[in-house]
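Visitor: Quick check, what structure comes out for this input:
(one chain, ligands or ions: 1)
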Amino acid sequence: MIGIGNGDSTSLWYHHWIGNQPLYNTEGVRISDSKAHWFVSHIIRNGSWYLNDIQHLIPPHIKSLILSYPLSSNSKEQDFIRWIYSKNGCFNIKSAYHLQFNNEHATTSNNIAWQKIWRIMSPYKYKMLLWNSAHQILPVAVNLNRFLPQISPTCSRCHLHAEDHIHLFRDCPKSSILWSYIFQRLWSASKFNFNSFYNSDWTESIIFNLNNSMKWKNIFITAVWQIWLSRNRAVFYLKMKSALSLYNAFYVDWSFANICSQGKELGANQVPGLTKKTWFPPKEGVMKLNVDGAWKSDAVSGGGGVFQKIHWFLVCGILQ
Ligand SMILES: [Zn+2]
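Guide: I've put the predicted structure just below:
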């Protein structure tokens, strides 16, 4: 957190210098275009707070908070970094220890659930997206509209409702059709609690999904990723995927993720039909060639292989 000296180097709206977070992220705060570049020094005059220019942009409790903040009598004093976990604003080991101890012993159900995101067997970017979605901090239209009123909060895919996280990932007709395909074709678990899946609170719904089996978590996180790709395609390239091609993209992605994670963590939840393979060395006097390949586009591809004899002895490798 920033401590205020003369306010010359601290952004009024975007640095964290008052309250629990930067003002731009605080409920009830508006930023006018003409004052978006302001520093804290813009609201200090002759060593005192002068809020006339912004009092219509901030809620009363923030105004009181600012007025209660003691200002330095020295107008040349620079702004400085404050360590908010100690009383005097200076860093010390004792307060850092207490902070770490409290973090490690924080056992709210949400904290436990969020840790489950990082254990899902899927690419890191999928997990990062789900984490951001769970905290509802993605640049969906509703979030953008809060700070940039010229951006419409309406969903770019259905044009029917505001695009918040729950709408984008679950309730938009363009997304809900993917979920119904998944429930019809892929996921017929009789014990699945659809009421919890369709919880009206997005965070609660994600927690329900994270408390489900690893197989379901793989399906869920892949669907969320593919919906995000499809949504960005619609927003940035004005191209709408059909319901079937969205499902196909999801299915290919999900199948591939399952093949990659075979034998790692899926265990009892392994995809039916995909059995765990073990490599056996060839018999005496015989060589075995193991090959693998990958492609990125028509022009970029590669493959390779290794000849092996008994006892995993590498004879030679090839790469193209
Ligand atoms: Zn929509």
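Visitor: how about the helices in the stretch 151-300 of the chain?
Guide: Applying DSSP state H, counting those that start in this stretch to the stretch 151-300 of the chain gives helices spanning 165-166, 173-185, 194-197, 202-210, 214-237, 243-260.
Visitor: tell me the most buried of those?
Guide: Burial among these, expressed as mean neighbours by mean count of other CB atoms under 10 Å, is greatest for helix 165-166, which shows a mean of 22. Where C-beta positions appear, they are placed from N, C-alpha and C, glycine not excepted.
Visitor: Which residues does that one contact?
Guide: When contacts are defined by CB atoms under 8 Å, 6 or more residues apart in numbering, helix 165-166 is touched by residues 133, 136, 138, 140, 200, 201, 202, 205.
Visitor: my guess is the second one contacts residue 202, does it?
Guide: Yes. Taking contacts as CB atoms under 8 Å, residue 136 lies within contact range of residue 202: 6.6 Å.
Visitor: Please tell me how far residue 58 sits from residue 28.
Guide: The gap separating residue 58 from residue 28 is 7 Å, by CB to CB, to the nearest Å.
Visitor: higher neighbour count, these two?
Guide: More crowded of residue 58 and residue 28, by other CB atoms under 10 Å: residue 58, with 22 against 11.
Visitor: who touches the closest residue to residue 254 other than its chain neighbours in this structure?
Guide: Closest residue to residue 254 apart from its sequence neighbours, by CB to CB, 6 or more residues apart in numbering: residue 222 at 4.4 Å. Contacts of residue 222 were listed using CB under 8 Å, 6+ apart, and they are 122, 126, 250, 253, 254, 257.
Visitor: and these as TSV, adding distance to residue 174?
Guide: TSV is the format used below for these (distance: CB to CB, whole Å):
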residue	distance to residue 174
122	22
126	20
250	13
253	17
254	19
257	23
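Visitor: Tell me the one among those nearest to residue 217.
Guide: Residue 217 lies nearest to residue 122 out of those, by CB to CB, at 8.3 Å.
Visitor: burial count for residue 163?
Guide: Residue 163 has 24 neighbours, counted by other CB under 10 Å.
Visitor: If I look at it, what pLDDT would I see?
Guide: The predicted local distance difference test score for residue 163 is 96.
Visitor: ditto for residue 239
Guide: 83.
Visitor: Right, I'll call it a day here.
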